[in-house]
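Student: here's a sequence, model it:
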Amino acid sequence: MLGGPRVEDDTAEEEDAVSVQSVDRALDVLEALSEHGGQAGLSEIAATTGLPYGTIHRLLQTLLARGYVRQESDRRYALGGALVRIGGVAERMLAVWAEPYLARLVELSGETANLAVLEGDYVVYIAQVPSPRRLRMFAEVGRRVLPHSTAVGKALLAARDDAEAVFTRTGLPRRTDRTITAVGELMEELGRVRARGYALDLGEEESGVHCMAVPVHDGGRAFAAMSVSGPAERIDAIDREELAAMLRKVAEDFGAAVFHS
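Tutor: Here you go, the predicted model:
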């Protein structure tokens, strides 16, 4: 009598463990596709995840059936349309979660604070808390801009291996007389961003406007960037290293709250 229920419990626990492992592995496959730019072959997924081919194939069949993955004509796999629906909701939630952190940046710096993400080859501003000052900067929420002339774009691309390919695809149109328009020079600038831990836009997107940005990490990759922007003379009056430390602390707190709460 005493042994029966325990056997059933053990079986249930084993089934739960298998189910959890399957979910974990399915997420590994989706993340592998993301790391390969949204599209990869079976061998690339296997190399990234370390999973056996048979396991990957079974997981892909389920993901295909649910629309989270699609198969291209060349037999490679790509992220599917079902993720767009989830991603849109997640992006809106990210903006809501970011607001108190952006408000903290405004309180600390006195300037406008922004949150931006990369969508394809473009930077998209998804949240903003404006400065209380009469003369202040606005980056319209939902606005899409090329990354090369913005601090948030540099902060995001500095962490990626395909930055040069992005710049080659988009071109580097001149926004002001300070915009960097040579790929080699821009790649050197991204090296400086990685070394110092923050990116700058010194009137490269809009004359007279300066901006500092740092990446927001999920423990590994940079999934967003936070920035402070304002009139050049006011931004330049703030000690640069103090502003960078302030930005990094708020970005770290936000990243930890989103992914580890």
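
Student: pLDDT-wise, which helix or strand of this structure ranks last?
Tutor: In the chain, no helix or strand scores lower on mean pLDDT, DSSP states H and E than helix 3-35, which sits at a mean of 68.

Student: neighbouring strands - and their directions - for the next helix or strand after it?
Tutor: Using DSSP states H and E, the helix or strand that follows helix 3-35 in sequence is strand 39-40. Take DSSP bridges as the rule and strand 39-40 pairs in its sheet with strand 77-79 (antiparallel).

Student: show me what counts as buried in the strand it pairs with.
Tutor: Neighbour-count burial for strand 77-79, counted by 16 or more other CB atoms under 10 Å, picks out Y77, L79. Every C-beta, even on glycine, is put in place using the N, C-alpha and C of the backbone.

Student: from the chain's centre, how far out is that strand? Work that out for me.
Tutor: 19 Å (CA atoms, centre = their mean, to the nearest Å).

Student: name the surrounding residues that touch it.
Tutor: Applying CB atoms under 8 Å, 6 or more residues apart in numbering, the contact partners of strand 77-79 are 30, 33-34, 38-42, 45, 60, 68-72.

Student: so which elements touch the very next helix or strand once past it?
Tutor: Note on strand 77-79: by DSSP H and E, the next helix or strand toward the C-terminus is helix 82-109. Applying 3 or more CB pairs under 8 Å, 6 or more residues apart in numbering; DSSP states H and E, we find helix 82-109 packed against strand 112-119, strand 122-129, strand 222-231, helix 240-260.

Student: what angle sits between the first one and helix 82-109?
Tutor: Put plainly, it is strand 112-119. For strand 112-119 against helix 82-109, the angle by axes from the mean of the first three to the mean of the last three CA atoms, to 10 degrees is 160 degrees.

Student: CA atoms only: put strand 112-119 into CSV for me.
Tutor: Coordinates of each C-alpha in strand 112-119 appear next as CSV, following Å, rounded to 0.1, in the frame of the first residue of the first chain:
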residue,chain,number,x,y,z
THR,A,112,15.7,63.1,-21.2
ALA,A,113,16.1,59.3,-20.9
ASN,A,114,15.4,56.8,-23.6
LEU,A,115,15.2,53.0,-24.2
ALA,A,116,15.8,51.6,-27.7
VAL,A,117,16.1,48.2,-29.4
LEU,A,118,17.3,46.9,-32.7
GLU,A,119,14.7,45.7,-35.1
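
Student: find the nearest non-adjacent residue to I45, please.
Tutor: Counting by CB to CB, 6 or more residues apart in numbering, I45 lies nearest to A32, which is 4.8 Å off, once chain neighbours are set aside.

Student: so that neighbour is in contact with S43, correct?
Tutor: No. A32 lies out of contact with S43 (CB atoms under 8 Å); the separation is 11.2 Å.
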